[in-house]
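1. how does the following fold in three dimensions:
(one chain, ligands or ions: 2)
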Amino acid sequence: MKSVLVLGAGTMGSGIAQVFAQAGFKVFLRDIEINLVEKGLTTINKNLERLVNKGKLTLEDKQEIIGRIKGIVNIEEAQNVDLVVEGIVENIEVKKKVFAELDEIFPANTIFATNTSSLSITDLAAVTKRPEKVIGMHFFNPVPVMQLVEVIKGVATSEETYQTICDLVRQLGKTPVTVNEAPGFVVNRLLIPMINEAAYLLMEGVATAEDIDTAMRLGANHPMGPLALADLIGLDVCLAIMETLHKEFGDDKYRPCPLLRKMVRAGHLGRKTQRGFYQYTNEN
Ligand SMILES: CC(=O)CC(=O)SCCNC(=O)CCNC(=O)[C@H](O)C(C)(C)COP(=O)(O)OP(=O)(O)OC[C@H]1O[C@@H](n2cnc3c(N)ncnc32)[C@H](O)[C@@H]1OP(=O)(O)O
Ligand SMILES: NC(=O)C1=CN([C@@H]2O[C@H](COP(=O)(O)OP(=O)(O)OC[C@H]3O[C@@H](n4cnc5c(N)ncnc54)[C@H](O)[C@@H]3O)[C@@H](O)[C@H]2O)C=CC1
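-> Ligands and ions are numbered 1, 2, ... in the order given. The predicted model follows:
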């Protein structure tokens, strides 16, 4: 495998493109508008610059990595890719539409991986004529730092596709865990209800955002508190995952916190909009 198309140049897509390029792959990074593609490329550039400043990467290496990434808006420009990794908005209808389009554009041997954080791989596979080549490849945020990739098998995913993706994850320097498809997979089934519960604590006035986060950092040794983590993930993504868990299991223990919903409606999505449970500037 030599080249990959990453769909979506947001929080995850830009990180995914970066790690593939760092591992020597030719990468096409696609978003729906050129300014969004450029924003993703700027993030990658900043991340690599940090590594250069720390002496972990030479300037020449950085230039080579950047040179391997081509930002595009027109999907047809992504020629001869072995793999597509989809990292667009967490909405099943939008993702299905995109998978159906991809199926028309790319040859039958191209693998389609989705970075969905909770949705059904089988559902996405069903809109293609290659369900055996559709798989979950769930990276974690921030992608360049986090070691785990959940490799999620849909009902029809073939053993060959699964093995190819596990090998690829190792090639990226990351660790795969195998997950049989279920809503939220493993990490988000545990993590996002915790974040949702932290939002309830805040809504009920049990403690301030700072104290909730300090409690979990110092009391449970989490690297960051649940509300700061929600801001890093994106409150829209957290809400979408809770909604999937609630709908798929039909169990009210997964009911999304009204405060989370209210904040998403207000466009307070966390770091990406500079306002969530905390306020951010471009520097932090
Ligand atoms: C929603 C889903 O579907 C799934 C998910 O992703 S759930 C979210 C999973 N992620 C987490 O749980 C993250 C939890 N937080 C952490 O692990 C850490 O707080 C953190 C890695 C984000 C930051 O670590 P920290 O020690 O507090 O800060 P800091 O010292 O600045 O960063 C540690 C390293 O990460 C790097 N880093 C931090 N943020 C980064 C980013 N956004 N991009 C690239 N590198 C980053 C830093 O450069 C630093 O690198 P070095 O060790 O080489 O110096
Ligand atoms: N934010 C997180 O911590 C994590 C998110 N995920 C998942 O990754 C996916 C992306 O999430 P984020 O990067 O956070 O979202 P984001 O909102 O930061 O970025 C999504 C990008 O996709 C673009 N997009 C929408 N439709 C598109 C299309 N048809 N083609 C190409 N680009 C398109 C949008 O313009 C946007 O730039 C979601 O499925 C999410 O659940 C998975 C792991 C962690």
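2. tell me who's in contact with the residue in the stretch 151-284 of the chain positioned nearest to ligand 2.
-> As assessed by Cβ to the nearest ligand atom, ligand 2 sits closest to residue 233 within the stretch 151-284 of the chain, at 3.7 Å. C-beta coordinates here come from the backbone N, C-alpha and C atoms, glycine included. Residues counted as contacts of residue 233 (Cβ atoms under 8 Å, 6 or more residues apart in numbering) are 11, 141, 195, 270.
3. buried residues in the helix ranked longest in the chain?
-> Counting by DSSP state H, the longest helix found in the chain is helix 34-53. Buried residues in helix 34-53, counted by 16 or more other Cβ atoms under 10 Å: 36-37, 39-41, 43-45, 47-48, 51.
4. quick check: phi and psi on residue 14?
-> Backbone geometry at residue 14, expressed as degrees, to the nearest 10, gives phi -70, psi -40.
5. pLDDT wise, what is it at?
-> Note on residue 14: pLDDT of 98.
6. quickly note the distance from the closest residue to it other than its chain neighbours to residue 66.
-> Leaving out its chain neighbours, the residue that sits closest to residue 14 by Cβ to Cβ, 6 or more residues apart in numbering is residue 40, at 3.8 Å. Going from residue 40 to residue 66 by Cβ to Cβ, to the nearest Å gives 12 Å.
7. who are the contact partners of residue 182?
-> Listed by Cβ under 8 Å, 6+ apart, the contact set of residue 182 reads residue 189.
8. give me phi/psi at it?
-> According to degrees, to the nearest 10, residue 182 has phi -160, psi 150.
9. again, but for residue 151
-> phi -100, psi 110.
10. do a quick rundown of the strands in the stretch 1-150 of the chain.
-> 3-7, 26-30, 69-72, 83-86, 111-114, 134-139, 148-153 (DSSP state E, counting those that start in this stretch).
11. can you list these in TSV and add mean neighbour count?
-> Shown next, in TSV, are those (neighbours: other Cβ atoms under 10 Å):
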stretch	mean neighbour count
strand 3-7	25
strand 26-30	23
strand 69-72	18
strand 83-86	24
strand 111-114	26
strand 134-139	26
strand 148-153	22
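12. go through those and name the closest to residue 279.
-> Between residue 279 and the strands of the stretch 1-150 of the chain, the shortest gap by Cβ to Cβ is with strand 134-139, which sits at 27.0 Å.
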